[in-house]
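# Structure for this input, please:
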Amino acid sequence: MSADYRFCPRCATPLALIGSEEDGGFKERLRCPSCDFTHWNNPTPVLAAIVEVQGRVLLARNAAWQHRMFGLITGFMEAGETPEDGIRREIAEETSLEVTELRLVGVHDFQRMNQVIVTYHAVAQGEVRLSPELVEYRLLAPEQVKCWRAGTGLALADWLRSRGIEPVFMDWPPSDTPAAPADRAD
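Next up is the predicted model:
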(Lines give C-alpha, C1' and ligand atoms only; values in the text may rest on other atoms or scores of the structure.)
Protein backbone atom coordinates (compact mmCIF):
# COMPACT_ATOMS: atom_id res chain seq x y z
CA MET A 1 0.00 0.00 0.00
CA SER A 2 1.39 3.40 -0.97
CA ALA A 3 2.03 5.81 1.88
CA ASP A 4 1.48 8.73 -0.50
CA TYR A 5 -2.17 8.04 -1.27
CA ARG A 6 -4.74 7.23 1.39
CA PHE A 7 -7.71 9.14 0.00
CA CYS A 8 -9.07 9.55 -3.50
CA PRO A 9 -7.87 12.83 -5.04
CA ARG A 10 -11.21 13.07 -6.91
CA CYS A 11 -13.81 12.43 -4.20
CA ALA A 12 -11.86 12.08 -0.89
CA THR A 13 -13.12 8.54 -0.23
CA PRO A 14 -10.56 6.33 1.54
CA LEU A 15 -8.70 4.20 -1.00
CA ALA A 16 -8.77 0.42 -0.67
CA LEU A 17 -6.57 -2.34 -2.00
CA ILE A 18 -8.89 -3.76 -4.69
CA GLY A 19 -8.04 -6.41 -7.24
CA SER A 20 -8.99 -6.18 -10.88
CA GLU A 21 -8.22 -7.83 -14.21
CA GLU A 22 -5.62 -5.78 -16.08
CA ASP A 23 -3.84 -6.64 -19.31
CA GLY A 24 -4.66 -10.33 -19.01
CA GLY A 25 -3.77 -10.67 -15.32
CA PHE A 26 -5.15 -9.96 -11.89
CA LYS A 27 -3.58 -6.99 -10.06
CA GLU A 28 -4.29 -5.43 -6.68
CA ARG A 29 -3.94 -1.65 -6.56
CA LEU A 30 -5.16 1.20 -4.40
CA ARG A 31 -8.53 2.10 -5.89
CA CYS A 32 -11.47 4.26 -4.93
CA PRO A 33 -14.56 2.16 -4.24
CA SER A 34 -16.76 5.20 -5.01
CA CYS A 35 -15.51 6.66 -8.29
CA ASP A 36 -13.13 3.94 -9.60
CA PHE A 37 -10.00 6.14 -9.41
CA THR A 38 -6.85 3.98 -9.54
CA HIS A 39 -3.55 4.95 -7.95
CA TRP A 40 -1.10 3.32 -10.36
CA ASN A 41 1.99 3.88 -8.17
CA ASN A 42 4.28 3.77 -11.19
CA PRO A 43 8.01 4.29 -10.61
CA THR A 44 9.26 7.87 -10.82
CA PRO A 45 11.99 8.58 -13.37
CA VAL A 46 15.07 10.15 -11.77
CA LEU A 47 18.06 11.61 -13.60
CA ALA A 48 21.59 11.05 -12.34
CA ALA A 49 25.00 12.20 -13.53
CA ILE A 50 28.50 10.91 -13.10
CA VAL A 51 30.04 14.36 -13.42
CA GLU A 52 33.67 14.35 -14.55
CA VAL A 53 35.70 17.52 -14.03
CA GLN A 54 39.30 17.48 -15.25
CA GLY A 55 39.40 13.68 -15.09
CA ARG A 56 37.94 13.45 -11.57
CA VAL A 57 34.47 12.35 -10.46
CA LEU A 58 32.43 14.92 -8.55
CA LEU A 59 30.46 13.54 -5.60
CA ALA A 60 28.32 15.84 -3.47
CA ARG A 61 26.68 15.62 -0.06
CA ASN A 62 23.09 16.68 0.39
CA ALA A 63 22.36 18.78 3.49
CA ALA A 64 19.36 16.56 4.32
CA TRP A 65 21.30 13.27 4.47
CA GLN A 66 21.87 11.94 7.98
CA HIS A 67 25.02 9.98 7.09
CA ARG A 68 28.11 11.69 5.74
CA MET A 69 27.47 10.25 2.27
CA PHE A 70 28.52 11.72 -1.02
CA GLY A 71 26.59 10.89 -4.16
CA LEU A 72 26.02 11.60 -7.80
CA ILE A 73 24.15 14.68 -8.93
CA THR A 74 20.49 13.66 -9.21
CA GLY A 75 17.13 15.26 -9.82
CA PHE A 76 13.73 15.02 -11.43
CA MET A 77 12.82 15.92 -14.99
CA GLU A 78 10.52 18.86 -15.48
CA ALA A 79 7.56 18.88 -17.84
CA GLY A 80 8.56 19.59 -21.41
CA GLU A 81 12.25 18.70 -21.14
CA THR A 82 14.18 15.73 -22.44
CA PRO A 83 16.24 13.60 -20.05
CA GLU A 84 19.40 15.14 -21.56
CA ASP A 85 18.11 18.67 -21.04
CA GLY A 86 17.01 17.76 -17.52
CA ILE A 87 20.38 16.42 -16.39
CA ARG A 88 22.21 19.39 -17.94
CA ARG A 89 19.87 21.68 -15.97
CA GLU A 90 20.34 19.72 -12.72
CA ILE A 91 24.13 19.83 -13.05
CA ALA A 92 24.06 23.58 -13.71
CA GLU A 93 21.60 24.26 -10.84
CA GLU A 94 23.42 22.13 -8.27
CA THR A 95 27.07 22.76 -9.20
CA SER A 96 27.20 25.77 -11.60
CA LEU A 97 29.18 23.60 -14.03
CA GLU A 98 28.68 23.62 -17.79
CA VAL A 99 28.30 20.23 -19.48
CA THR A 100 30.49 19.86 -22.57
CA GLU A 101 29.85 16.14 -23.26
CA LEU A 102 26.97 13.88 -22.29
CA ARG A 103 26.55 10.13 -22.78
CA LEU A 104 23.96 7.69 -21.46
CA VAL A 105 25.46 5.16 -19.00
CA GLY A 106 22.32 3.13 -18.33
CA VAL A 107 18.95 2.74 -16.71
CA HIS A 108 18.61 1.01 -13.33
CA ASP A 109 15.70 0.31 -11.05
CA PHE A 110 15.76 1.53 -7.48
CA GLN A 111 12.81 -0.29 -5.96
CA ARG A 112 13.35 0.92 -2.38
CA MET A 113 12.38 4.41 -3.57
CA ASN A 114 10.05 3.22 -6.40
CA GLN A 115 12.30 4.95 -8.96
CA VAL A 116 13.89 4.25 -12.31
CA ILE A 117 17.25 6.00 -12.53
CA VAL A 118 18.51 7.23 -15.90
CA THR A 119 22.25 7.85 -15.50
CA TYR A 120 24.53 9.89 -17.72
CA HIS A 121 28.27 10.48 -17.81
CA ALA A 122 28.77 14.24 -18.09
CA VAL A 123 32.07 15.91 -18.78
CA ALA A 124 31.82 19.40 -17.31
CA GLN A 125 33.90 22.52 -16.90
CA GLY A 126 33.89 25.61 -14.74
CA GLU A 127 34.16 26.42 -11.06
CA VAL A 128 32.09 24.27 -8.69
CA ARG A 129 29.62 26.42 -6.75
CA LEU A 130 27.10 24.32 -4.87
CA SER A 131 23.40 25.08 -4.54
CA PRO A 132 22.06 25.48 -0.99
CA GLU A 133 20.80 21.87 -0.96
CA LEU A 134 24.38 20.56 -1.23
CA VAL A 135 26.82 21.24 1.60
CA GLU A 136 30.13 19.89 0.29
CA TYR A 137 31.71 18.00 -2.55
CA ARG A 138 34.70 15.84 -3.38
CA LEU A 139 36.59 15.42 -6.63
CA LEU A 140 38.01 11.90 -6.72
CA ALA A 141 40.02 9.89 -9.20
CA PRO A 142 37.73 7.23 -10.68
CA GLU A 143 39.79 4.50 -8.95
CA GLN A 144 39.00 6.03 -5.54
CA VAL A 145 35.21 6.01 -5.91
CA LYS A 146 33.28 3.33 -4.04
CA CYS A 147 29.92 2.03 -5.24
CA TRP A 148 26.95 0.67 -3.37
CA ARG A 149 24.80 -2.21 -4.58
CA ALA A 150 21.68 -0.36 -5.77
CA GLY A 151 20.53 2.48 -8.02
CA THR A 152 23.26 4.99 -8.83
CA GLY A 153 25.89 2.71 -7.29
CA LEU A 154 25.18 0.13 -9.98
CA ALA A 155 25.32 2.80 -12.69
CA LEU A 156 28.64 4.05 -11.32
CA ALA A 157 29.97 0.47 -11.32
CA ASP A 158 28.93 0.04 -14.97
CA TRP A 159 30.68 3.28 -15.89
CA LEU A 160 33.87 2.29 -14.03
CA ARG A 161 33.91 -1.09 -15.81
CA SER A 162 33.53 0.70 -19.17
CA ARG A 163 36.78 2.51 -18.30
CA GLY A 164 38.59 -0.70 -17.38
CA ILE A 165 38.30 -0.11 -13.62
CA GLU A 166 36.92 -2.91 -11.43
CA PRO A 167 34.48 -1.24 -9.02
CA VAL A 168 34.84 -1.52 -5.26
CA PHE A 169 31.57 -1.92 -3.41
CA MET A 170 31.00 -0.49 0.05
CA ASP A 171 29.01 -1.88 2.93
CA TRP A 172 25.65 -0.43 3.86
CA PRO A 173 24.97 1.54 5.95
CA PRO A 174 28.01 3.59 5.01
CA SER A 175 30.85 4.58 7.23
CA ASP A 176 31.79 8.24 6.99
CA THR A 177 33.68 7.69 3.76
CA PRO A 178 33.76 10.51 1.21
CA ALA A 179 33.44 8.04 -1.65
CA ALA A 180 30.00 6.67 -0.86
CA PRO A 181 27.39 7.37 -3.53
CA ALA A 182 23.78 7.69 -2.46
CA ASP A 183 20.49 7.61 -4.27
CA ARG A 184 18.12 10.43 -3.59
CA ALA A 185 16.70 13.10 -5.78
CA ASP A 186 15.59 16.24 -4.03
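
# Next up, the contacts around residue 37.
By Cβ atoms under 8 Å, 6 or more residues apart in numbering, the residues touching residue 37 are 8-11, 15, 31. The C-beta positions use only the backbone N, C-alpha and C, and glycine is treated the same way.

# can we see that at 10 Å?
Counting by Cβ atoms under 10 Å, 6 or more residues apart in numbering, residue 37 makes contact with 5, 7-11, 13, 15, 30-31.

# again, but for residue 4
By Cβ under 10 Å, 6+ apart, the contact set of residue 4 is 30, 39, 41, 114.

# Nearest to residue 70 among those residues?
Distance to residue 70 across the contacts of residue 4 (Cβ to Cβ) is lowest for residue 114, with 23.5 Å.

# Determine which residue of the chain is most distant from the centre point.
Distance to the chain centre peaks in the chain at residue 34, reaching 35.5 Å (criterion: Cα atoms, centre = their mean).

# Spatially nearest residue to that residue, not counting backbone neighbours?
Spatially, and ignoring its direct neighbours in sequence, residue 34 is nearest to residue 13 (4.2 Å; Cβ to Cβ, 6 or more residues apart in numbering).

# Just list the residues touching residue 39, thanks.
1-2, 4-6, 8-9, 15, 29-32 are the contacts of residue 39 under Cβ under 10 Å, 6+ apart.

# swap the cut-off to 8 Å and go again
When contacts are counted by Cβ under 8 Å, 6+ apart, residue 39 touches 2, 5, 15, 29-31.

# Can I have the buried ones of the residues you listed as a PyMOL selection?
Of the contacts of residue 39, the buried ones can be selected in PyMOL as follows, counting by 16 or more other Cβ atoms under 10 Å:
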select buried, resi 15+29+30+31
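
# Many thanks, have a good one.
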